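K.L.:
what's the 3D shape of this:
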Amino acid sequence: MVPDIRGSWILVCTCLLIGLAPSARAETWLRAESQHFVVYSSIGESDTREHIEQLEAFKYLAELILGTNPKDTVANTKFTIYLLAQPDHIKTVMPAANRFVAGVYFHCVENSQAFVYAPQWYGAEMDIGLQILLHEYSHHLMFSRARRIYPSWYVEGFAEYLGATKLQDGRYRLGVRQEGRAAQLNSSDKWLDLETMLDPTQFAAAVKNKKVNAFQFYAQSWILAHYMLSDSARTQAFNNYFDRIGRGEKGGESFEAATGMTLAKLRAELSTYRRTYAALLVNVPSLPDITIKTSRLPREQAAYLIEAAALQVCPKKKYGTKLLEEFRALRAKSPGDLRLRVELSRAELLFGDRKAARNELESIAANDALAFDVAYLLGRTYFEEAKPETAEQVTDRNTASEHFLAAYQLDKTHPANLYFLSRSLDTGGTPSKAVVNSGTAAAVLAPSVPDYATHAALISLRVGDRDTAIRVLQPLASNPHKLEYAAQVSALIGAIREKEEFEPLIGKLEKLGLPPKEKEEDEK
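P.N.:
The predicted structure follows:
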């Protein structure tokens, strides 16, 4: 993830061959699925399997570090990833990306998915694509398991620390040295002030005033997280510090009270630690078997796969309209392609003619392979944002609910469907159990999406459940990309925790609303 500090930081040692790759239309695409991941890949089956095996193993380790049971069978949505053989595909989902962007993770109301240029760079030690995947998935896991508010430095430092993990001979190499980060720390006169880093309010102000260098921020976040996680007693003390700043206490004072260490002492400790630390070898004796199912996508679907994915990253209207026109043209050439017709319907729903989308979807029979998408998108065509007032609007809202419920029977862990199901069932009074359960599930399954979290918090407060309201808002309060908004969410969490009256809280949450209607983009 990348904070808004002096532009977006991008992993620079990536694609230099933009414009030289062959056409996407000639590629072979695979769909691979494991217990926790769905991967669309154009890098070949062997490399795809290797990436998924690393991801599954990494999830197992990360769960242990986060203190949760990696064998827990609680339902979860599968993390969707596109492994790209051609770096220019990233431009399709992110037109503003420059040629050095190696990967990007989007999470918005339409979907959450990662896109990574995934070649091997001098073998496993320099597999940039895999490192980016682990970095982004670390964020997802952290927010999914969060029980406290984290400062920006730990959100990024944790992902940097875990992102370089390697599985070799049944053991993990954890906390692998990152030479670029280490080199950045060699110049002591460029270090960011630790009091500023440790205090969310001061850090937000420094970012706003463009006084934070992104490279230095990442390097210090990495070494500070490494220092914290390398010792269990330090980890416990740092967690005390997290709890204190989560209650609104000042960062420097909270750190010293929690750890018994002055900031000057911390700086000296880090200066020594960066020269002496080593990666840890961790044995995991009960790593589960990893089952991977693969299938080759039809050539027709491969031709528009990335464009279809781009529709689900909440593109701006101008680009969305361009995608819509492309799908309309493809539909005219391939009228019998049912998958294409579904994607055209999605494009019409988002950027064109909603009724045309509805008619197209209803003309598609209940094809087993497309049933979920048809039911979900049909629900969207009947769902209006505004509260229904006329009899026709009430009927449409009820029809939307029926379609979302049908989709739920086919996939009980699809966050967007759960979110719209909750909203379609919400009549404005005391929320029903179905409204609360589906709305909260969406926020838990996709914790970084503001729309899901704020809706879940609102309905939780309406039934008097302050703990759940706090829980679903915490990832937003830890968002290093929108620091002012994160501070507002943090203040709201404080008010909820302090038992402020219900009506003022609802007003604050509604006033806070959602951040600007733009997707979250995490670039590397």
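
K.L.:
Could you use CA atoms for every contact and neighbour count after this?
P.N.:
Fine.

K.L.:
do you know how far residue 156 is from residue 245?
P.N.:
17 Å (Cα to Cα, to the nearest Å).

K.L.:
Which of those two has more residues huddled nearby?
P.N.:
Between residue 156 and residue 245, counted using other Cα atoms under 10 Å, the more crowded position is residue 156 (27 against 24).

K.L.:
Can you report how many residues neighbour the nearest residue to residue 502 once chain neighbours are set aside?
P.N.:
Among residues not flanking residue 502 along the chain, residue 461 sits closest, at 7.3 Å (Cα to Cα, 6 or more residues apart in numbering). Neighbours of residue 461 under the rule other Cα under 10 Å: 21.

K.L.:
the strands in this protein, which residues?
P.N.:
Using DSSP state E, the strands of the chain run over 30-33, 37-41, 79-84, 103-107, 112-117, 166-168, 171-174, 280-283, 293-296, 520-523.

K.L.:
quick one: contacts for the closest residue in space to residue 493 that isn't next to it in sequence?
P.N.:
Take residue 493 and drop its neighbours on the chain: the residue closest to it by Cα to Cα, 6+ apart is residue 470, 5.7 Å away. By Cα atoms under 8 Å, 6 or more residues apart in numbering, residue 470 lies in contact with 457, 493, 496-497.

K.L.:
Which of those residues are buried, as a ChimeraX select command?
P.N.:
Buried subset of those, written as a ChimeraX selection, criterion 16 or more other Cα atoms under 10 Å:
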select :457,493,496
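
K.L.:
Could you export the contacts of residue 470 as a markdown table, including distance to residue 266 and pLDDT?
P.N.:
Converted to a markdown table, those look like this (distance: Cα to Cα, whole Å; pLDDT from 0 to 100):
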| residue | distance to residue 266 | pLDDT |
| --- | --- | --- |
| 457 | 37 | 95 |
| 493 | 29 | 90 |
| 496 | 33 | 92 |
| 497 | 31 | 87 |
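
K.L.:
just the contacts of residue 470 now: which is nearest residue 52?
P.N.:
residue 457 (33.8 Å; Cα to Cα).

K.L.:
The residue nearest to the closest one when sequence neighbours are not counted and residue 387, how far apart?
P.N.:
Spatial nearest neighbour of residue 457, chain neighbours left out: residue 469 (4.1 Å); criterion: Cα to Cα, 6+ apart. Per Cα to Cα, residue 469 is found 23 Å from residue 387.

K.L.:
Show me which of those two is the more surrounded one.
P.N.:
Neighbour totals were compared for residue 469 and residue 387, and residue 469 leads with 24 against 15 (other Cα under 10 Å).

K.L.:
Name the nearest residue to residue 330, ignoring sequence neighbours.
P.N.:
residue 340 (7.8 Å).

K.L.:
wouldn't that neighbour be in contact with residue 301 here?
P.N.:
Yes: counting by Cα atoms under 8 Å, residue 301 is a contact partner of residue 340 at 7.2 Å.

K.L.:
quick one: which of the two has more around it?
P.N.:
residue 340 (21 against 16).

K.L.:
Show the contacting residues for the more buried one.
P.N.:
Taking Cα under 8 Å, 6+ apart, one finds 301, 327, 330-331 in contact with residue 340.

K.L.:
Out of these, which sit inside helices?
P.N.:
301, 327, 330-331 (DSSP state H).

K.L.:
okay, those residues in CSV with pLDDT and distance to residue 353 next?
P.N.:
Formatted as CSV, the ones in helices among the contacts of residue 340 follow (pLDDT from 0 to 100; distance: Cα to Cα, whole Å):
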residue, pLDDT, distance to residue 353
301, 94, 23
327, 97, 13
330, 95, 17
331, 94, 15
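
K.L.:
The residue nearest to residue 502 contacts residue 469, doesn't it?
P.N.:
Yes: with contact defined as Cα under 8 Å, residue 461 reaches residue 469; the gap is 6.3 Å.

K.L.:
How about residue 405, nearest residue that isn't a chain neighbour?
P.N.:
Residue nearest to residue 405 in three dimensions, not counting chain neighbours: residue 421, with 7.0 Å by Cα to Cα, 6+ apart.

K.L.:
Tell me how many other residues crowd that neighbour.
P.N.:
Residue 421 has 28 neighbours, counted by other Cα under 10 Å.

K.L.:
Need the pLDDT of it.
P.N.:
pLDDT recorded at residue 421 is 98.

K.L.:
Alright, that wraps it up for me.
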